[in-house]
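>>> return atomic coordinates for the entry below.
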Amino acid sequence: MTAVQQTMAPTRARQTDLKPVPFTRLAAYEWRKQLDTRAVRWLFVTIAVITAGVLAVSALVGEGNVSFEAFVTNTSTPLAMLLPIVAILATTAEWSQRTGLTTFTLEPRRLRVVWAKLVTAVGSGLAFFLVAVVIAALAHLAVITFRDADADWGLGAMTAGMVLMLAIWMVQGVAFGLALQSTPGAIVVYLVVPTIVGALTALVQSWENVWPWIDLQTSSMPLIMGDPMGGEQWAQLAVTAAIWVGLPLLVGILRVQRGEIKTA
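Numbers count the residues shown, from 1 in each chain. Presented below is the predicted three-dimensional model:
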């Protein structure tokens with residue numbers, strides 16, 4: 001063995017010992033970024049305050065005969081409105097907080113990072129939905145105990161529809177964050193654009209048969225309300241999800257894959 005080969009042998013051994021970052025560790029890192037910022041904590045406080053107010057009104061108004069599913073709807077609605085912003089904040093942190101260079105240096109395979117963001121975003125949505133279900137159960141038990149209300153523990157299609165849409169909205173939050181790579185821009189687009197489209201659906205009545213194929217909010221309304229959905233309704237949901245979730249996600253993946261990661 002020559003002197004050069006003897007010198008290179010330890011280097012090759014060290015390179016062989018290097019192992020890729022496990023996906024579970026990458027997902028845990030992304031999950032921490034979702035929960036470990038001041039903005040996210042205040043957002044959770046806002047969700048908790050809104051949820052508490054909605055539950056109080058539901059429990060105190062009337063005779064308290066509110067079904068368990070109605071309580072689940074009341075507790076999950078604030079999540080559906082605000083939790084996708086958590087996904088936006090965690091995604092755009094790579095650029096707004098300048099963590100992208102560290103993230104993509106530790107894991108150069110950028111698509112794996114995108115998958116980790118998607119998996120943890122959907123996981124957070126489902127986990128917090130379970131928390132909302134537990135809170136709803138406690139609220140329903142309270143009105144049964146203290147207000148002699150009728151017990152109604154059934155869950156139907158409305159709950160299943162909310163679970164599916166919450167997962168879609170969490171993916172949409174990640175998609176907008178990746179596509180725009182700007183926290184204010186992604187939040188504004190996520191909140192304002194659907195509102196504008198929703199207002200147009202009410203104003204332009206002549207397009208009432210077209211809007212379900214364009215507007216995600218319109219196409220998802222039967223699912224959220226627990227109404228039966230036929231093949232056309234599922235097709236409308238698939239098309240609008242492709243427009244409002246799939247297209248921004250594709251743009252975001254291309255930007256992440258091809259863009260230069262900068263520190264400033």
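>>> kindly export stretch 194-212 (C-alpha atoms) in PDB.
Output in PDB follows, covering the C-alpha atoms of stretch 194-212 (Å, rounded to 0.1, in the frame of the first residue of the first chain):
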ATOM      1  CA  PRO A 194     -60.700  32.200  -0.600                       C
ATOM      2  CA  THR A 195     -62.700  35.000   1.000                       C
ATOM      3  CA  ILE A 196     -62.800  37.000  -2.200                       C
ATOM      4  CA  VAL A 197     -63.700  33.900  -4.200                       C
ATOM      5  CA  GLY A 198     -66.400  33.100  -1.700                       C
ATOM      6  CA  ALA A 199     -67.800  36.600  -2.000                       C
ATOM      7  CA  LEU A 200     -67.900  36.200  -5.800                       C
ATOM      8  CA  THR A 201     -69.800  33.000  -5.500                       C
ATOM      9  CA  ALA A 202     -72.600  34.900  -3.700                       C
ATOM     10  CA  LEU A 203     -72.600  37.800  -6.200                       C
ATOM     11  CA  VAL A 204     -72.300  36.000  -9.500                       C
ATOM     12  CA  GLN A 205     -75.300  33.800  -9.300                       C
ATOM     13  CA  SER A 206     -75.100  32.900 -13.000                       C
ATOM     14  CA  TRP A 207     -72.000  30.900 -12.200                       C
ATOM     15  CA  GLU A 208     -73.600  28.800  -9.500                       C
ATOM     16  CA  ASN A 209     -72.900  25.600 -11.500                       C
ATOM     17  CA  VAL A 210     -69.300  26.600 -12.200                       C
ATOM     18  CA  TRP A 211     -68.200  27.600  -8.700                       C
ATOM     19  CA  PRO A 212     -68.200  24.100  -7.300                       C
END
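>>> who's in contact with it?
I214, D215, L216, Q217, T218, S219, Q233, Q236, T240, W244 (Cβ atoms under 8 Å, 6 or more residues apart in numbering). The way it works is simple: take the backbone N, C-alpha and C, and place the C-beta from them, glycine included.
>>> and which of these is nearest R98?
Nearest to R98 among the contacts of stretch 194-212: W244, at 28.7 Å, using Cβ to Cβ.
>>> list just the nearest of the contacts of stretch 194-212 to V49.
Using Cβ to Cβ, those come closest to V49 at Q217, 24.5 Å.
>>> where does the closest one land on pLDDT?
For Q217, the model assigns a pLDDT of 87.
>>> can you pull the contacts of it?
Neighbouring residues of Q217 by Cβ under 8 Å, 6+ apart: P194, V197, G198, T201.
>>> now W95
Neighbouring residues of W95 by Cβ under 8 Å, 6+ apart: Q181, S182.
>>> if you set the cut-off to 6 Å instead, what comes out?
W95 makes contact with Q181 under the criterion Cβ atoms under 6 Å, 6 or more residues apart in numbering.
>>> so which strand or helix has it?
Here W95 sits within helix 68-96, counting by DSSP states H and E.
>>> avg pLDDT for that helix?
Mean predicted confidence for helix 68-96 is 87.
>>> buried ones in that helix?
Residues of helix 68-96 classed as buried by neighbour count (16 or more other Cβ atoms under 10 Å): 68-80, 83-96.
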